[in-house]
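Peer 1: how would this look folded up:
(2 chains)
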Protein chains: 2
Amino acid sequence: MKITLAQQSNLENIDYDNLPFGVNFTDHMLVCHFENGAWQEPEIRPFGNLNATFALHALHYGQAAFEGMKAYRNQEGEVALFRPERNWERLNKSAERLLMPQVPHEVFIDGLKKLIEIDQAWVPQDEVKSLYIRPYLFSSSEFIAARPSERYTFAIICSPVGPYYAGAVKVKIEDVFTRAASGGIGFTKAAGNYGGAFYPTAKAIEEGYNQVIWTDHANHELIEESGTMNIMLRIGDKMITPPLTDRILAGITRDSIVTLLREWGHDVEERPIKVAEVVEAARNGELKEAFGMGTAAVVSVIQQIGFKGERFDIPTPEDGIASKIRKGLNDIRLGRVEDTHNWMVKVK
Amino acid sequence: MKITLAQQSNLENIDYDNLPFGVNFTDHMLVCHFENGAWQEPEIRPFGNLNATFALHALHYGQAAFEGMKAYRNQEGEVALFRPERNWERLNKSAERLLMPQVPHEVFIDGLKKLIEIDQAWVPQDEVKSLYIRPYLFSSSEFIAARPSERYTFAIICSPVGPYYAGAVKVKIEDVFTRAASGGIGFTKAAGNYGGAFYPTAKAIEEGYNQVIWTDHANHELIEESGTMNIMLRIGDKMITPPLTDRILAGITRDSIVTLLREWGHDVEERPIKVAEVVEAARNGELKEAFGMGTAAVVSVIQQIGFKGERFDIPTPEDGIASKIRKGLNDIRLGRVEDTHNWMVKVK
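Peer 2: The predicted structure follows:
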């Protein structure tokens, strides 16, 4: 691994009391190119220029996928990553579906650890702040023809972040627009999945919501995801989340929350959820809680669900499952409880 | 419009007898940024650097769409664009669905005409070669959060090209993977639509085909598009192509071909086509011709269709409709017949 350190750190110019999401970047990044059928030597160097022309393949044909993950500083001051192997595996699943090369373990994981070690001063010790990490892979040949790229670039950039949403959100059950189809790329973190979601989301925002709840591609009858997060519903005494299909992102936060909830004795069902069931439960008061699950927001409490013009307020109990699970994850991340699942991977 | 000319032309280094598609670029490009809610002054400058960092929004979130069009040199030596207004309109439809700003007429059309005027020496006078033009729009803010960009960049780059496909193609009717869903972005030329198509296409290539024929998102029962082209089938004495929906790109070549065929007295049906109907017609010899229609390949003759392991050879008559329509379009583009539709827009 080639390492070129920044001449001067930009850390002292960052206001950690006012951290917009993903706007400030740490001093260094990792870059590794796939050329002539092989991965080249990874390089850690100062954050900066892309060195590309206007023919950059990914800008035209969207062969691009990313990951989102976080580094935390525990109460002993140690810096650790949360389940990084899962992000590596998932990026490679996205890569396969988008016909991009697999990123080797030593490039992703070893490169990541080294990068975070170098920029560890940027990781805050805080209940709601952390270092957001963005590994991503994109096609970097310089031609414009609708065929796969020959060159690819893997990079990791990092941004210190505060909480993603300010508070509880209002969501609209989407019954016109579609995020993903069976046989499509919905299970990947492809760049294109996000670009297609902004317009429907903006329409929902115009109507006074913060996000949409996506429904299935065929009939809009099944609940799929909430914005860029997986969704969990507490109906009666059950916790219910849609099962993983090729239309749904296999969230690592989702998996962690399902694991913890089951460990704590909750009845968690992973099964198809009809929109009609959710609306009925919201109407008759059986829908006790609802929240999104994802890396950026961790747990995003839903306070209102709208469907075809009707709006249903959802309880947001301070001592509810959402709060409990957020605290449970934080306890593990900040080292306040034993990490029985070995989810935290310490950085030197 | 700000214009900075290249110090030296690269034209003499290009081998026009050996032109791979989209690999060589003309001396200049047009670039125009949308910043602080307004389009800035367009600039024509030497082809080159993107001036972006690794936080470039489009690489992460795929807010990006393109157009494909061509400039031709007619027998009088004049350079003309084919239906450029249609590309401008379509880019703005893509932009709307991807929540990007509308590109003004004076930026797209006036900028395009000026750019082609400056690089007109690059437009070949040839039956199968032309200047391929790539207008495109992408999100160019420098942050990583799953929200719309604030800055956007419109650019036009150009590449002299030969024929897209070498000859007649074999296509597989896709019954597992999906290109587009109702309520999705299939009707746009979003970058993400292409990235998701490479893997299914590679699978088809492994099976000895050149491309896939996409089918509908719900049940894979309806014919949609052929690879990156619209599809036309000649069944019996009818010409049949799927109707435009939000899952199908509204091809300008498709529209031009439908217009010419009707003018020539052909019975053209725009209607849903079942896979079963095509397979049956192929089996009993009623499928007389099949071809793709698009800017890059213009007309791409299909010589074989595969479905669930069965392969059907399709006639490719030298004096068939595909040949006739290719010649008809060429006659208009090269000025050999009167341009009764005013499709050609001359460049100074």
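
Peer 1: Contacts only, for the residue in chain A that chain B sits nearest to.
Peer 2: Closest to chain B within chain A is A:Gly192: 1.6 Å, counting by Cβ to the nearest Cβ. In short, each C-beta sits where N, CA and C put it, glycine included. The contact partners of A:Gly192, taken as Cβ atoms under 8 Å, 6 or more residues apart in numbering or on different chains, are A:62, A:64, A:185, B:62, B:185, B:190-193, B:195-196.

Peer 1: In these, find the pair that's most separated.
Peer 2: Within the contacts of A:Gly192, A:Ala64 and B:Ile185 form the most distant pair, 15.3 Å apart (Cβ to Cβ).

Peer 1: So which of these two has more stuff around it?
Peer 2: Using other Cβ atoms under 10 Å in any protein chain shown, the more surrounded residue of A:Ala64 and B:Ile185 is A:Ala64, with 32 against 27.

Peer 1: what's the spacing between the more buried one and B:Ile273?
Peer 2: 33 Å (Cβ to Cβ, to the nearest Å).

Peer 1: on that earlier part again, could you redo the contacts of A:Gly192 as TSV and give each row pLDDT, secondary structure and distance to A:Glu12?
Peer 2: Formatted as TSV, these follow (pLDDT from 0 to 100; DSSP: H, G, I helix; E, B strand; the rest coil; distance: Cβ to Cβ, whole Å):
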residue	pLDDT	secondary structure	distance to A:Glu12
A:Gly62	98	coil	38
A:Ala64	98	strand	33
A:Ile185	98	coil	41
B:Gly62	98	coil	34
B:Ile185	98	coil	43
B:Ala190	98	strand	41
B:Ala191	98	helix	38
B:Gly192	97	helix	39
B:Asn193	97	helix	44
B:Gly195	97	helix	40
B:Gly196	97	coil	43
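
Peer 1: which among those gets closest to A:Leu91?
Peer 2: Distances from A:Leu91 to the contacts of A:Gly192, taken by Cβ to Cβ, are shortest for A:Ala64, at 11.3 Å.

Peer 1: Skip the chain neighbours and tell me the closest residue to A:Glu225.
Peer 2: A:Trp214 (4.9 Å; Cβ to Cβ, 6 or more residues apart in numbering or on different chains).

Peer 1: my read is the one you found is in a strand, agree?
Peer 2: Yes. According to DSSP: H, G, I helix; E, B strand; the rest coil, A:Trp214 belongs to a strand.

Peer 1: Now for it, how many residues are close by?
Peer 2: A:Trp214: 28 neighbours (other Cβ under 10 Å).

Peer 1: what's the answer for A:Ser140, then?
Peer 2: 24.

Peer 1: residue contacts, it?
Peer 2: So, once contact is read as Cβ under 8 Å, 6+ apart, A:Ser140 ends up touching A:33, A:52, A:56-58, A:149, A:151-153.

Peer 1: How about the residue in chain A that sits furthest from its center?
Peer 2: The centre of chain A is farthest from one residue, A:Asn284, which by Cα atoms, centre = their mean lies 32.6 Å away.

Peer 1: Distance-wise, check that residue relative to A:Phe177.
Peer 2: In this view, A:Asn284 and A:Phe177 are 28 Å apart by Cβ to Cβ.

Peer 1: Many thanks, have a good one.
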